[in-house]
Each structure stands twice: as C-alpha cells, then as structure tokens.
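> what follows is a predicted protein model with its sequence.
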Amino acid sequence: MPEASPKKTILAADKLAPEGLDWIRSQPDAELLEKPGLSEAEYAAILRGGGVHAMIVRSAITVSAGVLADPGDLAVIARAGVGVDNIDIPAATARGILVVNTAEASTITTAEHAFTLLASLLRNIAPAAASMREGQWDRSKFQGRQLHGMTLGVVGLGRIGRTVAERALAFGMKVVGHDPFVHADLQIDGHTVRTFRSFAELAPHADAVTFHVPKTAETTGMLDEASFALCRDGVFVVNASRGGIVDEQALVAALGSGKCGGAALDVYTSEPPPADSPLRSAPRLLLTPHLGASTQEAQTAVSVEAAKACMAYLRGEGISGAVNAGGVRVDLSPRQRAFVELAGKMATLLSPMITRGIAGVEVALDGDDLAPAAGTVERTVLVGLLQRHLASALNVINVADVAEKRGIRVTTRSSGGDPGGGKLTLTVHGPADAVDASTEAADRSRRIVGRVYADGAPRVVEVNGYAMDMVPAGAMVLIQNEDKPGIIGAVGTAFGSAGVNIADMTISRRSREGEHVATALMLLKLDAAAPAGLLADLEALPAVRKVAAVQV
Ligand SMILES: NC(=O)C1=CN([C@@H]2O[C@H](COP(=O)(O)OP(=O)(O)OC[C@H]3O[C@@H](n4cnc5c(N)ncnc54)[C@H](O)[C@@H]3O)[C@@H](O)[C@H]2O)C=CC1
Ligand SMILES: O=C(O)CCC(=O)C(=O)O
C-alpha cells in the first residue's frame, strides 16, 4: 500500500477529457502534471526523477518495461479505458505498481461504434457519402444489405460483446457467439444466443462476425487465412477490439478475392497504420482511427473514473478496476486494518528466524468480518517474511509474483468467529519439511500467533510455542536461551553496558517432550536499535542459543 504523504502528483500522459483533469485540480491533496504526447524515453525520465505517484494513460502511449525501469514514486497506473495491452503488466507488477482500468465506462459507446460500423458497412454509407461530395449520384453502385434476418457471430461475450448482441437482436438479427468462458447458450432480451466452443465451429454459421476479445496469444490472428476459409462466402467482418485479432494481410487478401464481402476496422496492429498500408486502399474496407471509445460521454466518464481510482488508491480508500492486485484491498475497516498491521509485524518478527528459505506459508485468519482482509493479510505476510532477505523493494502488489518465482506455496484460510475476538496464525515451513517428517525437520517450521483485542493494538501471543503478550513495534531483539538462572541478569548487564535502554520485555519458557533442557524466549522492545557489538556480546553469553535483531 502506498505511504501516506501530503500531496500526490498525477501524471496525465495522454489526452484526457477535461472533467477528469478538473477533478484532480479540485482535490486539495492532488497535483496535476499534464504531459501528453511525449516519447517513452521522456516518460521514463519524468518517472525516474521521482515525485510522480500516479500515471493516467489511454492507448496512445506504451508503458513499456523501459518506461518503468526506474519508476521513482509511481504507485499506480490507470488506464482511462479498457485494454491494458499497451501497459507491460508484469513489469508494473514486478515494481509493485498497481494497474487499474475503467472497464465499464466505455462499454456502451464502444458497442455503439462497432454496431455503427456494421450498419454503415452494409449500407455503404462512407463510400456513398464520399461520392456525393465528388458530385456523383450513383444509386445502384451503393445497394446494400439488410441487417434484419442476418446472423451475426459475436466473438467475445463480455461487456462489449453482449451489448453489441443486444443491439443486433433489436435490429432483428440472429446472434450466435463464442467465448471460452461462456459454456451454455445465452438468453438476451428474450432471445436465445447459441454459443459455440470455438471460432472454427461458429464461422460457418455467421453472415457477419464482430470481435470483442482482449488481445492474447489465443486471440491474435483468430481470423486468418485458415479461419477465413471456414467462414461463409462474402462474410462481413468488424474489429473494434484490438489490431491483429483479424490478421490484416489475410483480410486484404479475402477482400480482394471476395471471400470477405466487406470489413470495418477501428484498431490496427500498428497505430496509426503506415500511409502506404494496403489497408488504406483495400476495396470495401471501412476504417476509423480507433474511435470506439471516443464519445464525449465515455471520455468524460473514463477520465473522471481513472482520476478517482488513482486518488482512492493513493489515499488508501480502495482499489477499483484492479488489473494486477490479486486479492488486495485497501478499503478495510479499522479492525481489518489492525489485522493487516498485525500480519506485517508478525511476519517481520519471524523473518530473522527464517534462515534456510521458505517452502510454504500457512496463513489462518479467524474472526468475524475478517475474511475480506484475507488477500491483503496474505500478501502483507509475504512482504514481512521476505523483505529482509531480498534486495529489491517488496509491496503487496509485487510480492505474490516474487513468492511464486521462489516456489513458495501459500495457503490462506479464513474462518468466521473466534472466541478471543480474532486471531491470526502464521506457520512457515522450511524447505526440508516436505521431504523429511522427522522431529528435527518438523522443528524447522516457525509459528507465530497474534490477536487484536478491543483496544485495537496488534499483539503477539505466541512465538514457536512460547506464550507471550506483546505489542511489537520498533527495534526489537529475540533471544532464545537455555532456561538457567542468571541469564536475565546477564542480558540486562549487556544492554546496560552498551547503553541501550530496554523499553519492554517478555520472557516465556517452553519445555518440550524430548528436550532435556527447558528453553526460554525473550522478546525485548528497545528505545534504539541494538548495535552489532551488543548482539555479538549477547550471543557469546553462556546458555544463549540464538539472538536476532529486527525492526518491526
Ligand atoms: N475500439 C476501442 O476504442 C475499444 C476497444 N476495446 C476493446 O474491446 C475488447 C473487449 O472489451 P470488453 O468487452 O470490455 O472486455 P471483457 O473482458 O468484458 O470481454 C472480453 C471477453 O472476451 C472473452 N475471451 C477471451 N479470450 C477469448 C477467446 N480466445 N475467444 C473468445 N472470447 C474470448 C472473455 O471471456 C470475455 O468474456 C478489449 O480488447 C478492449 O480493449 C474496449 C473499449 C474501446
Ligand atoms: O480511446 C481510447 O483511449 C482507446 C479505447 C480503448 O481501446 C480501450 O479502452 O480499450
């Protein structure tokens, strides 16, 4: 989660509707940096300089790994729109930058554009209008086709695809669809939309196809030479999703051969397409310059929503439209926040005891109303456990990836209700546990338990079987020793000689079956960090087994 600091700077890196920019200017804790139309290198330099907390983009700029190489204070990138294929999400995630979009705000506008393209294409509106301007009056040349009765194949039955389907049905078209995540036929406005398991199966059933899918490895080139062959002769094609989903070369060829009766594109593999692109001169091809979301209404909505999403995250109020946040939430109640704080402190306290790596982490969160915080607790735990051992800065956005790359299995369980009012238990398994069930291996598991009582303070109540009660904070030292007389005095003398004041201290004794000497764990809260010399002196004391210092 971003640090709380007075003013947050939002970089508007694309042309945004003035309403969103005005909203930013009206916020006392926000500052606007308006810099549309720069190069990737220039954006990289602005970010590197620090002081930019959020960045809003549309599709004109590419937020590449290079732009994010040294992102300074950047905590969130908002896409004022839907498609995030111009943002390097793995690079943003790796640097702990939240990516959000404004998925709903432009749905209707984009669906209207796709449907308008189809209707205009079938009625030759663009070439007929152009011929009128040239002084011609040629009615037979522009005879069109009727929408009513035609079958439209909608590929991608998400927000925009379904909205297009509704409009097509209202015009008396039959609609069929394909979406790997829609398994049954759909009922839309009293009509049945038959769904097919693949585009190949849908293709022979449609007079026209329209694409409303994200650009992925599976969707790129979905309509290519091979799949054109499966389509009806004279099929009409609309693509207002992303360039390259309809293969441009195959389209030009199909238009030339008549396999494709006409097509309309709003999006291109390269935007703008080169001046000499064959697309610009292909017959029966209607082109618009990526206008799908370009209405006053949609642009106002995406601009304001993107601005609000940035500030909500930076203020810790919530995450809306998250693309890479996993289960992280910042809109938590004070009690849920207390558990997130406890999670971070417990994991940090445990982290110096984890010297042999981590194979798995179990997070158990018990208590009423705590479940919504589980994702945030889980990631906060990982940050606390791993940060000490890694050079790069971790946060709740990038840590899941970091853990996964290290093969750390994380299981999180949350249950409602706990008689004590709420409990968090972390168990960290060392690498040997999975293959060796011996006592020694089992002992490599580390367990810490914490609670938040009515006072709201996050307390640690158990560490590795030692019962205790302490609110962890600041500089702390853990000392494990054999439970023999004189140790406490020796430890106190060492601190006194080093001039370090002990602010709070708890001692707990544990005697386990099979252990011939009882051991004790001291947890000390200090007024200042313990210097290395003091830690060495403590380690040298007879009967002291382990000493670890940690900043919680
Ligand atoms: N031309 C423009 O200006 C605009 C274009 N878009 C683009 O429209 C597209 C759709 O946007 P939304 O409907 O909001 O997204 P959405 O996420 O609501 O829907 C996308 C649908 O595609 C489906 N899908 C994924 N892989 C598929 C596959 N291999 N075959 C068939 N279906 C598949 C998904 O299951 C999902 O239902 C996006 O690519 C977006 O970038 C969005 C807004 C404006
Ligand atoms: O006008 C824009 O910003 C592009 C809209 C778009 O393609 C999207 O939102 O995915």
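Arrived safely. Ligands and ions are numbered 1, 2, ... in the order given.

> tell me the contacts of the spatially closest residue to Glu341 that is not a sequence neighbour?
Of all residues not flanking Glu341 in the chain, Pro458 sits nearest, at 5.2 Å (Cβ to Cβ, 6 or more residues apart in numbering). Where you see a C-beta, it was placed from the backbone N, CA and C, and this is true even at glycine. Contacts for Pro458 (Cβ atoms under 8 Å, 6 or more residues apart in numbering) come out as 338-339, 341-342, 345-346, 450, 452, 471-472.

> can you pull the contacts of Glu166?
Glu166 makes contacts with 111, 188-189, as judged by Cβ under 8 Å, 6+ apart.

> that one in helix, strand or coil?
With DSSP: H, G, I helix; E, B strand; the rest coil as the basis, Glu166 sits in helix.

> what comes up buried for the helix or strand Ala250 falls within?
Using DSSP states H and E, Ala250 falls within helix 248-257. For helix 248-257, burial by neighbour count (16 or more other Cβ atoms under 10 Å) applies to 248, 250-255.

> count of neighbours near the residue of the stretch 251-400 of the chain found nearest ligand 1?
Nearest to ligand 1, among the residues of the stretch 251-400 of the chain, is Gly292, at 2.4 Å (Cβ to the nearest ligand atom). Around Gly292 there are 24 other residues, counting by other Cβ atoms under 10 Å.

> ramachandran angles for it?
phi -50, psi -50 (degrees, to the nearest 10).

> kindly report the residues of this structure close to ligand 1.
Applying Cβ under 6 Å from any ligand atom, we find that the chain lies next to ligand 1 at 81-83, 103, 106-107, 110, 155-161, 178-181, 212-214, 216, 218-219, 240-242, 266-267, 290, 292-293.

> try 5 Å
Within the chain, the positions near ligand 1 by Cβ under 5 Å from any ligand atom are 82-83, 106, 110, 156, 158-160, 179, 181, 212-214, 218-219, 240-242, 266, 292-293.

> filter those to the buried ones?
Among those, those classed as buried by 16+ other Cβ under 10 Å are 82-83, 106, 110, 156, 158-160, 179, 212-213, 219, 240-242, 266, 292-293.

> list the contacts of stretch 125-143.
By Cβ under 8 Å, 6+ apart, the residues outside stretch 125-143 that reach it are 119-120, 123-124, 286.

> tell me the domain ranges of this structure?
8-104+298-327, 151-287, 332-472, 473-552 (automatic domain parsing).

> now the first one: how far from the chain's centre is it?
By that I understand domain 8-104+298-327. Remark: domain 8-104+298-327 is offset 13 Å from the chain centroid, using Cα atoms, centre = their mean, to the nearest Å.

> hmm, it touching ligand 2?
Yes: Domain 8-104+298-327 reaches ligand 2 (Cβ under 5 Å from any ligand atom) through 58-59, 81-83.

> for stretch 394-411, list every residue counted as buried.
By 16+ other Cβ under 10 Å, the buried positions in stretch 394-411 come out as 394-403, 408, 410.

> hang on, the earlier thing: sort out which of the contacts of Glu166 are buried, if you could.
Here, 16+ other Cβ under 10 Å leaves 111, 188 buried among the contacts of Glu166.

> closest to ligand 2 among the contacts of Glu166?
Among the contacts of Glu166, and counting by Cβ to the nearest ligand atom, the member closest to ligand 2 is Ala111, at 12.2 Å.

> so who does the closest one touch?
Ala111 neighbours (Cβ under 8 Å, 6+ apart): 160, 163-164, 166-167.

> just give the closest residue to it, not the sequence neighbours.
Excluding its sequence neighbours, the residue lying closest to Ala111 (Cβ to Cβ, 6+ apart) is Thr163, at 3.5 Å.

> Val52 versus that neighbour, what's the distance?
Distance, Thr163 to Val52, by Cβ to Cβ, to the nearest Å: 35 Å.

> do Ile97 as well
From Ile97 across to Val52, the span is 11 Å (Cβ to Cβ).

> what touches both of those two?
By Cβ under 8 Å, 6+ apart, the residues touching both Ile97 and Val52 are Leu74.

> which secondary element of this structure has the worst mean pLDDT?
Lowest on mean pLDDT, DSSP states H and E among the helices and strands of the chain sits helix 439-442, with a mean of 42.

> about what we covered before: next step: the buried ones among the residues of the chain next to ligand 1 restricted to helices.
Within these, residues falling in helices by DSSP state H are 110, 159-160.

> what is the nearest of those to ligand 2?
Nearest to ligand 2 among those, with distances taken as Cβ to the nearest ligand atom, is Thr110, at 7.1 Å.

> what residues are up against that closest one?
Contact analysis of Thr110 by Cβ under 8 Å, 6+ apart lists 82, 160, 240, 292-293, 298.

> from Thr220, how far out is it?
When distance is defined by Cβ to Cβ, Thr110 is 20 Å away from Thr220.

> one more: Ala165?
Here the criterion is Cβ to Cβ. By it, Ala165 lies 23 Å from Thr220.

> between these two, who's got more neighbours?
Neighbour totals were compared for Ala165 and Thr220, and Ala165 leads with 26 against 16 (other Cβ under 10 Å).

> isn't that one right next to Gly153, touching?
No: between Ala165 and Gly153 there is no contact under Cβ atoms under 8 Å: 10.2 Å.

> Ala467 belongs to a strand?
Yes: assessed by three-state DSSP, Ala467 belongs to a strand.

> what pLDDT, on average, does stretch 114-134 get?
Taken as a whole, stretch 114-134 has a mean pLDDT of 98.

> using CSV, write out the CA atom coordinates for that stretch.
Once non-C-alpha atoms are left out, stretch 114-134 reads as follows in CSV (Å, rounded to 0.1, in the frame of the first residue of the first chain):
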residue,chain,number,x,y,z
ALA,A,114,-19.0,-1.5,-33.5
PHE,A,115,-22.6,-1.7,-34.4
THR,A,116,-22.5,1.5,-36.3
LEU,A,117,-19.5,0.2,-38.3
LEU,A,118,-21.5,-2.9,-39.2
ALA,A,119,-24.6,-1.0,-40.2
SER,A,120,-22.6,1.6,-42.2
LEU,A,121,-20.6,-1.1,-43.9
LEU,A,122,-23.7,-3.0,-45.0
ARG,A,123,-25.3,0.2,-46.4
ASN,A,124,-22.1,1.6,-48.0
ILE,A,125,-22.5,4.8,-46.1
ALA,A,126,-18.9,6.0,-46.2
PRO,A,127,-18.3,5.5,-50.0
ALA,A,128,-21.7,6.8,-50.9
ALA,A,129,-21.2,9.9,-48.8
ALA,A,130,-17.7,10.4,-50.4
SER,A,131,-19.2,10.0,-53.9
MET,A,132,-21.8,12.7,-53.2
ARG,A,133,-19.0,15.1,-52.2
GLU,A,134,-17.4,14.3,-55.6
